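1. Next input, structure requested:
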Amino acid sequence: MIRKCVMSLVAVAILPLGTPLFAQAAAGAGTKVLVPADRPGAAAEIVRQGGSLIARRGAYDVYVVGSARLNALSSLEGVEARPDFDRIMLHRGAIDTTKTAPAAPAAMNSLASGPRLMLVQFAAPPVDGDLEMLAGSGARVVQYIPENAYLIWGGDEAGAALRNRMGAGGALQFLGEYYPYYALSPRLDAATQQDSLAMITVQFFNYGPGALADAERLAAAAAKVIDPPREALDGRYLNARLAVSGADIPAITKLPGVVWVEPYVPP
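-> Numbering: from 1, shown residues only. Below is the predicted model:
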């Protein structure tokens, strides 16, 4: 049975949603705005209105301004408000990184200790130096997520190093857990309430030999293997297509490295 298989695979401590290993943190309050670098007058007006420069990106600069001041700045030529710079656009919906992450169902809010998937967001579009900082912390980039965010793989030491980089005007403005709930396609929500078989695609981040071993054990415990675990995107991911009990799907999302679980529709 899948649930028994998962319990044997996740032989680590499980933490409840209320006590994530890393605090979620946001940059200073306000809304991000883009200002063309060739508009010094607009930049000066933003500063006069209480705005602060947070990043330079060549053709434009990024400022943060109090939300109450946005209307006063809307007439400035070339200035563009970017409230989405404080959102991480997951398939399950946007996370507002200035607030506490929305609650997940109790069955899908636990976290395994040790190396796992996490979310980070930068205050402005990331540059090479930002990616080098992630690598220097011991984190591995899995994929980019709009806006200015990444899904990363790392352990407790990497998380602690990144937490120390947050706030105080630094480039990193958010560090949060990638909860199992985030890995579940909303199209499977109804299926998780039933014991009937569901055909699914499970995508793992191929973090090392353990990922393939877990994917193969998961496939062996499935009711039916449609496609065995295979590498995808130059080996970055492992994809498996399986038929499992819908009630077992939440347990699958808890496996280390599971990025996404969605319905499989035969061609």
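2. Any regions of this protein where pLDDT drops low?
-> 1-29, 101-103, 107, 109-110, 112-113, 167-170 (pLDDT under 70).
3. Residue for residue, what is the longest helix it has?
-> helix 209-221 (DSSP state H).
4. For the stretch 1-150 of the chain, just list every one of the strands.
-> For the stretch 1-150 of the chain, applying DSSP state E, counting those that start in this stretch gives strands covering 14-15, 31-36, 52-56, 60-65, 80-81, 87-90, 93-96, 111-112, 116-122, 140-145, 149-154.
5. Adding distance to residue 239 and mean neighbour count, write these out as CSV.
-> Heads up, the C-betas are built off the backbone N, CA and C, glycines and all. Listed next are the strands of the stretch 1-150 of the chain as CSV, based on distance: least, CB to CB, whole Å; neighbours: other CB atoms under 10 Å:
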stretch, distance to residue 239, mean neighbour count
strand 14-15, 26, 13
strand 31-36, 35, 22
strand 52-56, 36, 16
strand 60-65, 36, 22
strand 80-81, 38, 13
strand 87-90, 19, 18
strand 93-96, 24, 16
strand 111-112, 21, 20
strand 116-122, 16, 24
strand 140-145, 14, 16
strand 149-154, 16, 23
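6. residues in contact with the nearest residue in space to residue 46 that is not next to it in sequence?
-> Among residues not flanking residue 46 along the chain, residue 63 sits closest, at 5.1 Å (CB to CB, 6 or more residues apart in numbering). By CB atoms under 8 Å, 6 or more residues apart in numbering, residue 63 lies in contact with 32-33, 35, 43, 46-47, 51-54.
7. Just grab the bridge partners of the residue nearest to the spatial centre of the chain for me.
-> The structure's the chain has its C-alpha centroid closest to residue 119; by CA atoms, centre = their mean the separation is 3.8 Å. Beta-bridge partners for residue 119, by DSSP bridges, are residue 151, residue 176.
8. Please report the distance of it from residue 84.
-> Note on residue 119: its distance to residue 84, by CB to CB, to the nearest Å, is 15 Å.
9. cool, residue 248 as well?
-> Distance of residue 248 to residue 84, computed by CB to CB: 35 Å.
10. out of these two, which sits in the more crowded spot?
-> Legend: neighbour count by other CB atoms under 10 Å for residue 248 and residue 84, higher for residue 248 (24 against 14).
11. tell me the SS of the more buried one?
-> Recorded secondary structure, residue 248: helix (DSSP: H, G, I helix; E, B strand; the rest coil).
12. which ones are touching the residue lying closest to residue 36 once chain neighbours are set aside?
-> In space, and not counting its chain neighbours, residue 36 is closest to residue 78: 4.3 Å by CB to CB, 6+ apart. Counting by CB under 8 Å, 6+ apart, residue 78 makes contact with 35-36, 39, 42.
13. go on, residue 139?
-> Applying CB under 8 Å, 6+ apart, the residues contacting residue 139 are 118, 120, 152-154, 158, 162.
14. partners of residue 64 in the sheet?
-> Beta-bridge partners of residue 64, as defined by DSSP bridges: residue 32, residue 52.
15. quick one on the thing from earlier: nearest to residue 130, of the contacts of residue 139?
-> Nearest to residue 130 among these, counting by CB to CB, is residue 120 at 9.2 Å.
16. will you turn the contacts of residue 78 into TSV that also has distance to residue 175?
-> Below are those laid out as TSV (distance: CB to CB, whole Å):
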residue	distance to residue 175
35	27
36	31
39	33
42	32
